[in-house]
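Undergrad: Whatever this is, show me its structure:
(2 chains)
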Amino acid sequence: MTKKINERIPADSGNDAGFTKYNAVQSPWNRLLSYKDALHYASRFEAVLSAAVGQAYRIIIPDYATRASEMCKEAYGRLLYTGMNYPNDDGFGIHPFMCGSYPGALIGDKGDDALLMCGRCQDFGTYRCEKELDVCDWDICGSELCRATTMSLQGQADATESRHRKGKKLDYMMVEAKGCGDRHCRIIAESREKYPAPAHELWESFGPAVSDEYKKYTEEEDCVDEPMMFREECDYRFVNGTNNETDSSNQMINLSTAASLYLLPAIANAVRLGYTTEQQAEWIKKCVLEAAGKAMFGERYAIKACREWLGVPDSIKEDGRILGGLIEMLLQSLVCRYEIEAFNENEVIYVIDRGGLAITGCQSLVEAHLYMWQGMVKTLVNAQWSVWEEDSPKGKMRIKIAKKIDKFM
Amino acid sequence: MNKNIFKYDEWKRAEHMAVRECVGYYLFTHQIMEVTGPQACEFLDYLYPNNISNLKVGRDRYTTMLNEKGEILDDVVIMRMDEEKYWVSTLYGTKTDDWFYEHSENYDVETYEITEDWHMFSIQGPKSKDVMNKIAEGGVDDMKFFMNKSSVINGIDVILNRGGFTGEKFGYEVYCAADDADAIQEVIDAAVKEAGGKEITEFQVFAWTLPTEAGFYYMRDLNRTNPFEVGLEKNINWDKDFIGKDALLKIKENGPEREMVGFEVCDENEDFYIRSKQYGGPGEPVYIDGEEEEVGRVSKLVYSYVNNLNIGYILAKKDKLHIGDHITIHGTKCVITEKNWLNR
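TA: Prediction:
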């Protein structure tokens, strides 16, 4: 094995190529991907990874109600804590006179667009708010996630309420969900003082809304498929609330994932609560994520499409550089720093900044990626190849893509 | 589905009409930037296009704040509290703070955000003057519009300001220390209810329906417009230097490309689907009947409880829409109007 770097386009090429508004992401073979496409790729890849983590969680807690309940409680508590200790009213356009929990809707609205979950706010008032989404990359992760995201919003809203003078409390409910097969996701928040309804458990915040007749339903022809920051009609800016404007340049680094925000914390919580052990949970995650990685390129057409997407030349046959190129696209899309230690037909070595891959500070997401890549290399290249961590410096994950024989693999 | 969120809502109607017919009050604390120092006046005069230099102590002024392109970044009320002390009332605090910092280097000024120290209650409506005369020591008979003064309510020091965001002839704001807010609210609440009024709790009423009926803007309406497009150029002081002046002079010479117009929904029995910018987003596109060119976007759509009409604003290409023009917005018939529904 040598640590030679074969001829390739330098990592900094394209920096002055005229991409003044958006940076491009580029493969090792100079296939340039627009900022917009890169973000979509990263978002959907992370959704697939999250869906696999969701399956692991389902194995750990088989009963739906128990699983959803634990997940909702964990998400509510964590986001309530975060909102109370790290408030950002100005960042969300929450004005000092906005008392009660209705301003929480502004937090959800802004978060949606940053996650490419485009749609529209349909109502925003002291006693009722409504948000409708046309797109949700997380719609493959399971309805438990739909419930938990709603409860995280409730947590943020309650935290916001606690910082202001007394106001009206709103009950946030997801009344339609793409993850359940609906055309839209729709969260309606209602004041029970104005729209009375029986009390319910956290995980049962799933509607129907009392104020259903006020619902505004967007027909197919009016639906959108890009967030505001990528739409000319919005001048490529995201605007919400009464005076909040964000351009697209800060959205890439704001990308979060269902796995890091909800599913991996839910598994960690399940360990704390004794549903499984840490070792067992890790084993289940490894098994499921590797299988998910293998499934990505089980068909030849998927490999062909991936090579085309990366611009892999025909001269490169089956070796680790193909997966390496794909990993690089993801890391660039996530704005995660990495160094290339080797990139040749025998081995590919990257030293990846763990902090950059631990999206929203979730350290276990780093290993989740490694499990997924180990599965992917088996079908994208072939079963002789593996991906493993080796000799990592502090704060980094040094991964090696090379041939490996392991009789217990 | 699609039931009108304003028209049939009796809670909103009751709160709205309390202000129009009697008196209503609500917490309306804005962010307050305090600007002090020997050059506070010069500093503000450079940042804001309207005249600050002739603002007397105890008086207020409404003005826009522009960027170098002449686009409106913010609209504020500046209150002169003392010879070298001004309050800037804004809903854009974080960015205004940065803007102040960025431009204050050459001025002998200090700027602080003092939002957390204060709360403000707005008392609006025909009987607001009676309420204020009852609760404020010294009364408010001497207060002209956009005048502020110190006073005492129930033994608590307050600052009174005559003004508001409702279009009412009589409207007052009570600024009190944050720690005194509960006690002050108790006094205001009792006096307002005794006068037959009520607390206004609905954001959509005090931020949207009341101001829109009077033709006022919420900052979202002004986002990325210039003063000529939205009719806020009248009080600009062209004799001084201010940020955005060069760009505005060009716009003045060439004429604005857009204008804000009013509109009403014709069929009041219809429950319609029209998106407006007030919720974020780009707003519903507007076309002239029979034509394919987009001539504007719906900025705002609320309800006039005084006139029982769905009303709103359209930011349109200049001279494309005229009062009386009939248009169809997302299948709903509408007509272009003036954008003030109070003085009809």
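
Undergrad: Going by C-alpha atoms from here, please, whenever you check contacts or count neighbours.
TA: Will do.

Undergrad: pLDDT value on A:T20, please?
TA: Looking at A:T20, its pLDDT stands at 52.

Undergrad: If you could redo that for A:A11, that was the one I meant.
TA: 64.

Undergrad: With A:D113 instead?
TA: At A:D113, pLDDT is 87.

Undergrad: any idea how far it is from chain B?
TA: To chain B, A:D113 is 11 Å away according to Cα to the nearest Cα, to the nearest Å.

Undergrad: now the top helix by length along chain B, how far from the centre of its chain.
TA: If you go by DSSP state H, chain B has its longest helix at helix B:181-194. Remark: helix B:181-194 is offset 24 Å from the chain centroid, using Cα atoms, centre = their mean, to the nearest Å.

Undergrad: any low-confidence regions in the stretch 101-250 of chain A?
TA: A:248-250 (pLDDT under 70).

Undergrad: run the last query once more with 50
TA: Of all residues in the stretch 101-250 of chain A, none has pLDDT under 50.

Undergrad: Which residue ranges of it form helices?
TA: For the stretch 101-250 of chain A, the helices defined by DSSP state H, counting those that start in this stretch occupy A:104-114, A:143-162.

Undergrad: now chain B
TA: Secondary structure of chain B, counting by DSSP H: helices at B:10-21, B:40-47, B:93-103, B:128-135, B:181-194, B:203, B:210-213, B:219-222, B:227-230, B:245-254.

Undergrad: which non-adjacent residue is nearest the spatially most central residue of chain A?
TA: What sits nearest the mean C-alpha location of chain A, by Cα atoms, centre = their mean, is A:T257, with 2.0 Å. Take A:T257 and drop its neighbours on the chain: the residue closest to it by Cα to Cα, 6 or more residues apart in numbering or on different chains is A:E46, 6.1 Å away.

Undergrad: And that neighbour, how far from B:F206?
TA: 42 Å (Cα to Cα, to the nearest Å).

Undergrad: one step back: tell me the most buried of the helices of chain B?
TA: helix B:210-213 (a mean of 25; mean count of other Cα atoms under 10 Å in any protein chain shown).

Undergrad: would you list every one of the strands in the stretch 151-300 of chain B?
TA: In the stretch 151-300 of chain B, the strands defined using DSSP state E, counting those that start in this stretch lie at B:156-162, B:171-177, B:198-199, B:258-265, B:285-288, B:294-304.

Undergrad: Are the second one and chain A in contact anywhere?
TA: To tie it back to what came earlier, the one meant is strand B:171-177. No - contact between strand B:171-177 and chain A is absent, the nearest approach being 12.9 Å (criterion: Cα under 8 Å from any Cα of the partner chain).

Undergrad: Would you mind getting the angle between that strand and helix B:128-135?
TA: For strand B:171-177 against helix B:128-135, the angle by axes from the mean of the first three to the mean of the last three Cα atoms, to 10 degrees is 40 degrees.

Undergrad: looking just at contacts, which helices and strands does strand B:171-177 meet?
TA: strand B:118-124, helix B:128-135, strand B:156-162 (3 or more Cα pairs under 8 Å, 6 or more residues apart in numbering or on different chains; DSSP states H and E).

Undergrad: export the strands of the stretch 151-300 of chain B to CSV and tack on mean pLDDT?
TA: Below are the strands of the stretch 151-300 of chain B laid out as CSV (pLDDT from 0 to 100):
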stretch, mean pLDDT
strand B:156-162, 98
strand B:171-177, 98
strand B:198-199, 98
strand B:258-265, 98
strand B:285-288, 93
strand B:294-304, 96
